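Novice: Coordinates for the following, if possible.
(chains A, B, C and D, ligands or ions: 4)
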Amino acid sequence: MSESQFLLEARDVYKSFGLNQVLKGITLTLKSSEVVALIGGNGAGKSTLMKILMGIYKPDQGVFKINGQSLENLSPKKSMKAGIYMVPQEPMIFPHMTVLDNILIGFSGKKADLEKKLEHFYRQINCKIDLKRLGMTLSIAEQQMVELLRGLMRESKILILDEPTSSLTFDEVQTLFEIVRDLKKKGIGIIYITHRLAEVFELADSICIMADGKITLRGETSKFTREMLVQALLPPSFTPASKTRSELENKIRNAMPILQLRNFSGYGFKDISFNVLEGEIVGIAGVVGAGRTELANTIFGKEIPLGGNVILDGEDITGRSTADVIRMGINYVPEDRRSNGLFGISPVCANITSALLDSKITGNIALNNAEEIRISEKYIKDFRIKVTSPYQEAGSLSGGNQQKVVIARSLSTMPKLVILDEPTRGIDAGARGDVYKIIRELSHTGVAVIVISSDTEEIIELADRAIVFCRGRVSAVLEKDDINQQNITSASFGIYKEEANA
Amino acid sequence: MLKQIINRYESKAFAFLILMFVLVSVVNSDFLTGESVVNCFNDSVVFTLLAVGSAFVILTGEIDVSVGSVLGISAAVAATILRDGGSLFWAITMAICVGAFFGLVNGIGVAVLKIPSLIFTLGTYGVARGMVYVYTGGAWVENLPAWFTSASHSYLCGYLTWYYALVLVFVIFVQFLLSHTKKGHNFIAVGDNYQGAELVGINPTQTKIYAYVISGVFASVAGLLFTSRIGFITPMSGNSYEMKAIAACVLGGISLSGGLGTLIGAAIGAVIMTSITRILVFLGLSSNYDNTITGIILIVIVVVNTIIQNREIVKSRREISLKRIAQKAFIDNQEVSK
Amino acid sequence: MKRWDLTLLVILILEICIFAYANPKFLMPRVIFGSINDIIPICIISLFVTMVMITAGIDIQAGAVVGLSSIIVGVTWQDLGLNIWVASLVAIIIAALVGLLTGYIVAYYQVQPMVVTLGGSFLYAGLALLISTLSSTESYKGISGFPESFVNFASYRIGGVLPVQVVVFLVMAAFAWFLLHKTKYGRKIFLIGINQNAAEYSGINTRFIIMSTYVLSGIAAAVSGILLTSYLGTAKSDLGATITLPIITAVVLGGTLMTGGKGSIIGTALAAVIIGVLKFGLPLCFRVNMQYLDIPVGLLLLIVISARALSNRPEVIVFISNLKKKLDSKQDLPLIKTT
Amino acid sequence: GDLKDKTVAFIPKLTGNAFFESANVGAQKYSKKVGYTVEYMGSPNASVADEVNVINQAVARGVDAICISSVDATGLNKALADAMKDGVTVVTWDSDVGEDCRTLMVSQGTPDILGKMLVDMSVDALQKRGVDPKKKAVKYCWHYSQATVADQNSWQKEGEKFIKANYPNWVNVAPDNYYSEQDAEKAVSIGASVLEANPDIDLIICNDSTALPGQLTAAQNKGLNKSKVTITGFASPMSIKNFAKSDIIEEWGLWDCGVQGAIGTYLGAYLAAGNEVKVGDEIDLPEIGKIKVMPNDSLVPGSKTGAKNNGVVLLPERLVFTKDNVDNYNF
Ligand SMILES: Nc1ncnc2c1ncn2[C@@H]1O[C@H](COP(=O)(O)OP(=O)(O)OP(=O)(O)O)[C@@H](O)[C@H]1O
Ligand SMILES: Nc1ncnc2c1ncn2[C@@H]1O[C@H](COP(=O)(O)OP(=O)(O)OP(=O)(O)O)[C@@H](O)[C@H]1O
Ligand SMILES: [Mg+2]
Ligand SMILES: [Mg+2]
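Specialist: Numbers count the residues shown, from 1 in each chain, chains lettered A, B, ... in the order given. Ligands and ions are numbered 1, 2, ... in the order given. Next comes the predicted model:
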């Protein structure tokens, strides 16, 4: 009976997609009241393993046991019956259903009871989404919330959270942590997948590191240090880039403002005024729904402004079309890579040059293939994008490399200002380092950069100046030395007082 | 509750139908005799079944262009049996088997082999139509027993035929199942978000196969009613009905991208589609206008509806955004008042 | 994609070989070119519907536009007294406007293209009939008596062998190929089909491009309508009534993805010819009656598409690659021995 | 010449239509008896492009003669002229093409004969139910397949002319006519609407083989019969038999399309075998009898006739069916 000490056992799991062998004999165990953090680079196979546990993918091979009972031919139905539930990495919302239906679909039982239960969880996670809203009106963050509620409602014995915090902000992450701890007390086993190492130490009982389809390291959290994890995750040749601040400071001090916002208002933000200087990295922090993405979208001509001005290099570009704005010298890396960023079944080179199609560089009428390849290869080299050739399908790249492709696309137009929205969401540590390096190098060349991020560490690491949004307004402007976790957090909730820090 | 009903797309479609009737009555008061109005419904019985069957498939996010041909082959099979003195039971059974068979083939092709539905059903469309010719040798199936054809005009009450009454009750019943049972929800869920449906434990493959089988069976039942109503079967029976069935679904507010719409809507759409022919007669307009008017109604209704819908989506998104900022002001005021 | 084009080429050659074997007459230039005339409208239109479908749209009204342009040629020539070539130009312009309207509704109002063109297929067929009733010639008669130059145009054979229609098709295919695969415009079409949102974030004017593909397909339909009118010597409102589904079949068999983003002009052209040759060869060489042709064409579609879907399955790819490895290793074997 | 090894392609406007299928049955039976071969080739769609396609196929297949009912008066001319250039004999039946693009035409009658026949049947049936067609302002309408179908429209035109000339007091309630596009479902629906929209209608003429049974079904559904409304038209006897037996219809007509098919294909084989005919000649068909070649202008006034192998052959008789004689026919 020693076996049944495990809530879940998955042994020797193999899985390949065509010729791509993703899982090469994974063994994973989970006890009740245990939080196992599963970490690993993009494409390590974490989500694949979880989808196999959920019965969505069929494994090529593998033994699965729950409480010592072996399970065969898993299907989502069977897995759920066995007490497994996964909150997926990519939210799967039914766009034409209300939030209520979205959460309750697939449940049996009286609707009234279910609603009561739902109310309980709503209060617990402090969720404010209107239950009557349609799925299609939800932002990604809200979608993730709904997914989480679905998971909680299941009251399963084994809960899988696949990067649950990638779109959540600080306070919501804290709420989530409380919930996880609460569940743990109830004896529920949790598999927690994340790219944020801080979360691992805060939450996990034990850690599994996955690389190249295998578990390379496993042990109790107390036995690991942050450095050990980083070491285990990074590719052997990786050298982290260092910040050269003093050099930058001089540059910025004499710089001209590239972008000026004057009382700029739109749907989701109001009265925004700030400048971005040549070569400066401005971080925009804030909680979910603070209106940062809306601001970026409105500057980029995707939504109509409601007042104020956007001035780029002395020229008023308020309300111009996207194509115009790109021509004037702004480019934007959208936050939702899958739906707004990437041309999945198109080659990498076509992705990178897609924003150049209106410029003469790629030819007059006929497409200049040689030039296209030249440009693509330059970025592939500069950004160390891992591809077999510039003709590889972009969708087949790992998340980090996809993100680099999208960034390359926005830089290919030689913009004066780049806005990066959540540039490292869902990206592993290695790729993240690369992206940071790209951003810094960019600012060295005099390009102004705005980084929108919900990851406070990222703002601290990158920004020369941080602007914190709260409910559509600027609640604080933090100069370099004031950028820290506490200030950003308090400002995000609109309770930051400059005097207090002075 | 009342407001909800009024806001439903089906109610608007129904209102449009009534408006059509009123306009015609203004021009030609003969139309107002109950008979003509009720006959608009009676005449739609075949298309109602086709449209409702197609609706199942469309709700799951696929399409079925083989229904017209399946109607043809089922009708030919049933009619031949009846003409040769076979029993009604046998005719019905065989027709439904044929429909279910083609539905199953479609379902397997689309759901299991994952072939785009338009293409796969285009293939079965051709095969089924060709089989009508092979089966009948190109000849008409005529002289069906009178009891079978006269059943099509036996009336439940007034001018309402049994056929339409039964089909209507059936459609309402099926709609009830669709919106109030778990299995019913599956169809819409699969069309709304395939992977999401999979994740919450729905078997999308199975659901799609069901949808196609239902569509095939509905088409074959439509074929039976067609046979009974018409009394003879030509090899071209049901030709191009698939497009009209799809048009009926669209008029009834079913989204071709799946996950949105009701069977009631499809049934109303079918009545609108078939009424156009009749209405022209009453308006004294040449039948030459038939297709033109159908096309205009289809395009205008759908364009207007889409514009309104898209506006509403943008509006609600903007409202939500504005509300978020407004909350801030609210909190500020509170703090100040403290 | 290239692989699929090649597969289609092999299927076509196989088909021709089988037919030629069954009936050597099949290969006589006069016979084979004579038959090609009958499928040219489908071939030409499917080239441009390919572009529409790559943007993730669909055009099922092209057949109706064929009839509309034919009757416009007839009516403007006969009743308005326009020069026949001017009349043809008018037809092309009107078809382009029809495409523009359709494209506008699809691109700017975001109405589902299937619905708009379904409505269009009713509307333009209906309009064609109405226009024909305006003519002084009764609708049933078909407008005829066109000038010799026009009537002879479509049946003219260059060098006495190669029909002009085939040349028109080849020129349009080359044009479409260049446009789609070699220009920036074509690249935009692909990108829009793959991800319209991302294309917008790349600054591509997606709506305009989408609209323009419908204009092109409208023009292609008009060209086909004019060719048909010239070939038959008569203008009728129902000329294209039966070609819609064959067009879609050709485009998809040619490897165009229904969801957009993938497709090839060469593939479409080959597929259109495959279907045409099948429809001609079966009656000629195997005495299949034309009314049964839906079955083999339907089956061809089902088999080819199913085979393709299966061959793209991971299991099958693995199997094939294992097979390849085995074959390779077998070939290696003697080498090892000798060394 | 010998007809033995001659092959004739028998081409209908469309397949799957009762009229053409019956004609084919007649042609096949007769060819077996006489000893030539008939191949039935056609498209399920009545479209010019499709029919040209069928002609090209027949020529490519190497038939000796084509016997065709054209969907379009001019659209086939070029294809048929090309076929003749290739040495294929072209005969038309039922529906003609340009007179120089074929040899003989086997006609069921000129449009005015058939138009008049429709009106005559109507008048007879009206009289039988006690209506005086000379006195009463008979309300009538036409219901057939489509405004684009050549022969049906030409009969309607001539019939209408005949009515205007002989029964000027009649009233056409729908001068634009009703069309049901050979769609049976639509024929019933239109049929019912016609009866409802015009409750006092006296006469409906359905010169289309789908429209007639559809219209009769509608009348039957409404509980009408031949004493309340007169419906007549062209359709095969088999398809209307049951309606006649239940007294929904008094009489309807057609010609013996089986004989027409037989004559057409025979003439095709006969001319292909090298025989020559000219206007005025009589051809002796086994079991059918002698038929006379007439000039083309007996069908279309003003048309020319070639010196040899060109002209028109008229079917000897057109048939009117009633419930008493319908059992004598099986097509
Ligand atoms: N449905 C699929 N078909 C083919 N390949 C797939 C499929 N799903 C995943 N893969 C491949 O399997 C590998 C592992 O993917 P997976 O999503 O499991 O990685 P992950 O560890 O979750 O990465 P991330 O941290 O980016 O979420 C990747 O190379 C991916 O391309
Ligand atoms: N109804 C909607 N339909 C589509 N997108 C929406 C809708 N509502 C919001 N969004 C998008 O969701 C995203 C998140 O908006 P939000 O106001 O939360 O911006 P944010 O401050 O950048 O927050 P986040 O941290 O989630 O990026 C934005 O891209 C916004 O445009
Ligand atoms: Mg993952
Ligand atoms: Mg954002």
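Novice: check which helix or strand covers the residue in the stretch 301-450 of chain A that ligand 4 sits nearest to.
Specialist: Of all residues in the stretch 301-450 of chain A, A:Glu335 sits closest to ligand 4, at 4.6 Å by C-beta to the ion. Backbone N, C-alpha and C define where each C-beta goes, glycine included. Assigned by DSSP states H and E, A:Glu335 belongs to no helix or strand.
Novice: OK, contacts around it?
Specialist: By C-beta atoms under 8 Å, 6 or more residues apart in numbering or on different chains, the contact set of A:Glu335 is A:Ile140, A:Thr293, A:Asp421, A:Glu422, A:Arg425, A:Ile452.
Novice: With C:Pro113 instead?
Specialist: Taking C-beta under 8 Å, 6+ apart, we find C:Pro113 in contact with C:Val52, C:Gly57, C:Ile58, C:Asp59, C:Thr102, C:Val106.
Novice: Mind giving me the PyMOL command for buried ones among these?
Specialist: Here is the PyMOL command that picks out the buried ones among those, judged by 16 or more other C-beta atoms under 10 Å in any protein chain shown:
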select buried, chain C and resi 52+57+58+59+102+106
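Novice: And the furthest pair within the contacts of C:Pro113?
Specialist: Within these, two members stand farthest from each other by C-beta to C-beta: C:Ile58 and C:Thr102, at 10.9 Å.
Novice: Next, show the common contact partners of the two.
Specialist: Residues touching both C:Ile58 and C:Thr102 (C-beta under 8 Å, 6+ apart) are C:Pro113, C:Thr117.
Novice: Distance check, the residue in the stretch 151-300 of chain B that ligand 1 sits nearest to against A:Thr221.
Specialist: Distances between the stretch 151-300 of chain B and ligand 1 by C-beta to the nearest ligand atom are smallest at B:Gln195, namely 10.1 Å. The spacing between B:Gln195 and A:Thr221, counted by C-beta to C-beta, to the nearest Å, is 33 Å.
Novice: Also A:Ala141?
Specialist: In this view, A:Ala141 and A:Thr221 are 28 Å apart by C-beta to C-beta.
Novice: With neighbour numbers in mind, choose between these two.
Specialist: A:Ala141 (20 against 17; other C-beta atoms under 10 Å in any protein chain shown).
Novice: pretty sure the more buried one is in a helix, no?
Specialist: Yes: assessed with DSSP: H, G, I helix; E, B strand; the rest coil, A:Ala141 lies in a helix.
Novice: How many neighbouring residues does residue 109 have?
Specialist: In the absence of a named chain, chain A is used. Residues near A:Gly109, counting by other C-beta under 10 Å, number 9.
Novice: Oops, wrong one, chain D.
Specialist: For D:Gly109, the neighbour count with other C-beta under 10 Å is 17.
Novice: ok, it - contacts?
Specialist: Counting by C-beta under 8 Å, 6+ apart, D:Gly109 touches D:Met117, D:Trp255, D:Leu314, D:Leu315, D:Arg318.
Novice: Look at residue 13 and report its pLDDT.
Specialist: All of this refers to chain A. On the pLDDT scale, A:Val13 is placed at 92.
Novice: hm, I was asking about chain D
Specialist: The pLDDT attached to D:Lys13 in the predicted structure is 90.
Novice: Contacts only, for it.
Specialist: D:Phe20, D:Gly42, D:Ala46, D:Glu51, D:Ser69, D:Ser70, D:Val71, D:Asp94, D:Ser95.
Novice: if I look at the first one, how far off is ligand 4?
Specialist: Applying C-beta to the ion, to the nearest Å, the value for D:Phe20 to ligand 4 is 68 Å.
Novice: how about the strands in the stretch 1-150 of chain D?
Specialist: Using DSSP state E, counting those that start in this stretch, the strands of the stretch 1-150 of chain D run over D:7-11, D:37-40, D:65-68, D:89-93, D:104-107, D:139-144.
Novice: In TSV: the ones you listed, plus mean neighbour count and distance to ligand 1.
Specialist: Shown next, in TSV, are the strands of the stretch 1-150 of chain D (neighbours: other C-beta atoms under 10 Å in any protein chain shown; distance: least, C-beta to the nearest ligand atom, whole Å):
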stretch	mean neighbour count	distance to ligand 1
strand D:7-11	27	54
strand D:37-40	22	53
strand D:65-68	30	57
strand D:89-93	27	61
strand D:104-107	26	66
strand D:139-144	24	58
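Novice: Of those, which is nearest ligand 2?
Specialist: Closest to ligand 2 of the strands of the stretch 1-150 of chain D, according to C-beta to the nearest ligand atom: strand D:139-144, at 53.6 Å.
Novice: Next up, phi/psi of the residue nearest the centre of chain B, please.
Specialist: In chain B, the residue lying closest to the centroid (C-alpha atoms, centre = their mean) is B:Ala51, at 1.7 Å. Per-residue torsions, B:Ala51: phi -70, psi -40 (degrees, to the nearest 10).
Novice: For it, give me its contacts.
Specialist: Contacts for B:Ala51 (C-beta under 8 Å, 6+ apart) come out as B:Ala245, B:Ala248, B:Cys249, B:Gly252, B:Ala266, B:Ala267, B:Gly269, B:Ala270, B:Met273.
Novice: Where does the prediction get shaky in the stretch 151-300 of chain A?
Specialist: Counting by pLDDT under 70, the ranges of the stretch 151-300 of chain A that qualify are A:169-170, A:234-255.
Novice: Tell me the spacing between A:Glu479 and A:Gly283.
Specialist: 12 Å.
Novice: ignore the last one, A:Gly40
Specialist: Using C-beta to C-beta, A:Gly40 is found at 27 Å from A:Gly283.
Novice: now check the longest helix anywhere in chain B, is it near chain C?
Specialist: Secondary structure of chain B per DSSP state H: the longest helix is helix B:290-337. Yes: on the criterion C-beta under 8 Å from any C-beta of the partner chain, helix B:290-337 is in touch with chain C at B:290-296, B:298-299, B:302-303, B:306-307, B:310.
Novice: Give the other helices and strands that that helix contacts.
Specialist: With contacts taken as 3 or more C-beta pairs under 8 Å, 6 or more residues apart in numbering or on different chains; DSSP states H and E, helix B:290-337 sits against helix B:9-27, helix B:241-251, helix B:263-283, helix C:113-134.
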